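Engineer: Dropping a prediction and its sequence here:
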There are 2 protein chains.
Amino acid sequence: MADRGYPGAMTTELQPGAAPEEDWLRLDRQICFSLHAASRAFNGVYRVLLKELGLTYPQYLVMLVLWEHGETPVKKLGEHLRLDSGTLSPLLKRLEAAGLVRRERSTRDERSVQVGLTGEGAALRERALSVPRRIMSATGFSLEEIRDLHTRLDRLTTALDAAALEETPGCR
Amino acid sequence: MADRGYPGAMTTELQPGAAPEEDWLRLDRQICFSLHAASRAFNGVYRVLLKELGLTYPQYLVMLVLWEHGETPVKKLGEHLRLDSGTLSPLLKRLEAAGLVRRERSTRDERSVQVGLTGEGAALRERALSVPRRIMSATGFSLEEIRDLHTRLDRLTTALDAAALEETPGCR
DNA sequence: CACAATTCAGTTGTGCACAATCAAATGGCG
DNA sequence: CGCCATTTGATTGTGCACAACTGAATTGTG
């Protein structure tokens, strides 16, 4: 414990191109790792808050989409949340088993499955209203800071997604 | 796709305390979600880069610790990475099966298991040296931006961890 | 119409995250 | 010594993430 801080910061002043690759290895761990850790820390707080709603964090994300947009096909849910059917199918079954959503095949296109809210699922929204404020206060960040962080993270995600596509071996 | 931007930004100007809780719900999705998405996007890029090393991202994190600190007990690994034995035990077994690490019970304290590098595991470090630079370039961020982001994320993680402890029902 | 390509959800398999529980080893105390 | 709390890793169970594959339905093309 108590190993916060930059392990590379003590060795060199890190001018671009001047640091040996050794230092990058150490700094790197801090970059990717801090994001990883922040994501899990967020998950931990949500876990506590959402337990009283009977939701996991990804299930909460699905409910947010349904509360905002109403009935939605699985495909669209996946686009909103960037999740594929391998993740969504079992997750939606659990939400259905919990009585929060309905799943039924579209009559127009038999390939599509429409996901909608049950009365219970729609009612849960009221109890979820306090969650965002409590999360906000848990971060200790101001609204402006959160916005700024959000902008940076979105930029990061866009860049990383693009890089992953270029880098993928069978894709050039 | 193309739903980047703040869904709440069009409705109100979001002065603290002035926005109705409805808007918080929507803004919230963007905050937690952008972090979640960034984390998975990072994971995606690492997945591509690390495939040629035969490592997953969490396995790479373990190797980073071992390359930096040498032989380490499981307990210490967990503290460095904030992971418990339920995650580490099977992960380490896979690394052992891949011939990259050794696991052996300490002779001093039979409860402790020391994890060390094999020759192959130590040699892998050379091939991993280029990873951080490639990740850096994938983000498109400057060193300064990365540092700044790192600082914010660490602050966020610390605040969230503290909040989770306070919020935990059986802990007050 | 027939047939190939595409779209969409589901299934399977692997791996990570974490809570809960267990068992063995250790160390302290009477 | 005998007993008990603590430490430490392992195990089990649930749920998410994602790749690869399956199969049904739809669409495009000749």
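Structural biologist: Structure's in. What do you need?

Engineer: how far does stretch A:119-139 sit from the chain's center?
Structural biologist: Its chain's C-alpha centre and that of stretch A:119-139 lie 16 Å apart, by CA atoms, centre = their mean, to the nearest Å.

Engineer: Would you mark the buried spots in it?
Structural biologist: A:121-122, A:124-125, A:128, A:131-132, A:134-136, A:138-139 (16 or more other CB atoms under 10 Å in any protein chain shown). Where C-beta positions appear, they are placed from N, C-alpha and C, glycine not excepted.

Engineer: Quickly note the distance from A:Val48 to B:Arg125.
Structural biologist: 39 Å (CB to CB, to the nearest Å).

Engineer: same check, this time on A:Lys76
Structural biologist: 44 Å.

Engineer: what do you get for A:Glu96?
Structural biologist: 48 Å.

Engineer: can you map out the strands along chain A?
Structural biologist: A:72-73, A:101-105, A:113-117 (DSSP state E).

Engineer: before we move on, the earlier item: in helices, which of the buried residues of stretch A:119-139 fall?
Structural biologist: Among the buried residues of stretch A:119-139, the residues falling in helices (DSSP state H) are A:121-122, A:124-125, A:128, A:131-132, A:134-136, A:138-139.

Engineer: Mind putting the residues you listed into TSV with distance to B:Cys32?
Structural biologist: Below are these laid out as TSV (distance: CB to CB, whole Å):
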residue	distance to B:Cys32
A:Gly121	20
A:Ala122	21
A:Leu124	18
A:Arg125	17
A:Ala128	13
A:Val131	10
A:Pro132	9
A:Arg134	12
A:Ile135	7
A:Met136	10
A:Ala138	11
A:Thr139	10
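
Engineer: Pipe those into TSV and attach pLDDT per row.
Structural biologist: Below are those laid out as TSV (pLDDT from 0 to 100):
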residue	pLDDT
A:Gly121	95
A:Ala122	96
A:Leu124	95
A:Arg125	94
A:Ala128	92
A:Val131	91
A:Pro132	89
A:Arg134	89
A:Ile135	89
A:Met136	87
A:Ala138	90
A:Thr139	89
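
Engineer: what's the most distant pair in these?
Structural biologist: Within those, A:Ala122 and A:Thr139 form the most distant pair, 28.3 Å apart (CB to CB).

Engineer: Also near chain B: which of the ones in helices among the buried residues of stretch A:119-139, exactly?
Structural biologist: Residues of these in contact with chain B (CB under 8 Å from any CB of the partner chain): A:128, A:131-132, A:135-136, A:138-139.

Engineer: just these now: which is nearest B:Arg26?
Structural biologist: A:Pro132 (8.6 Å).

Engineer: Can you pull out the low-pLDDT segments for chain A?
Structural biologist: Within chain A, the stretches with pLDDT under 70 are A:1-22, A:165-172.

Engineer: ok and the lengthiest helix in it relative to helix B:131-139, angle-wise?
Structural biologist: When every helix of chain A is counted residue by residue (DSSP H), the longest turns out to be helix A:21-51. Interaxial angle of helix A:21-51 relative to helix B:131-139 (axes from the mean of the first three to the mean of the last three CA atoms, to 10 degrees): 60 degrees.

Engineer: Show me what helix A:21-51 is packed against.
Structural biologist: helix A:57-69, helix A:131-139, helix B:21-51, helix B:57-69, helix B:131-139, helix B:143-167 (3 or more CB pairs under 8 Å, 6 or more residues apart in numbering or on different chains; DSSP states H and E).

Engineer: What residues of the fourth one count as buried?
Structural biologist: With burial defined by 16+ other CB under 10 Å, the residues of helix B:57-69 counted as buried are B:57-67.

Engineer: of all of chain A, which residue lies closest to DNA strand D?
Structural biologist: A:Gly86 (2.5 Å; CB to the nearest atom of the strand).

Engineer: That residue: neighbour count?
Structural biologist: 9 (other CB atoms under 10 Å in any protein chain shown).

Engineer: related to what we said a few turns ago, which one, of the helices and strands packed on helix A:21-51, ends up nearest to A:Ile31?
Structural biologist: helix B:143-167 (5.6 Å).

Engineer: Could you list the buried residues of the closest one?
Structural biologist: B:146-147, B:149-150, B:152-157, B:159-161, B:163-164, B:167.
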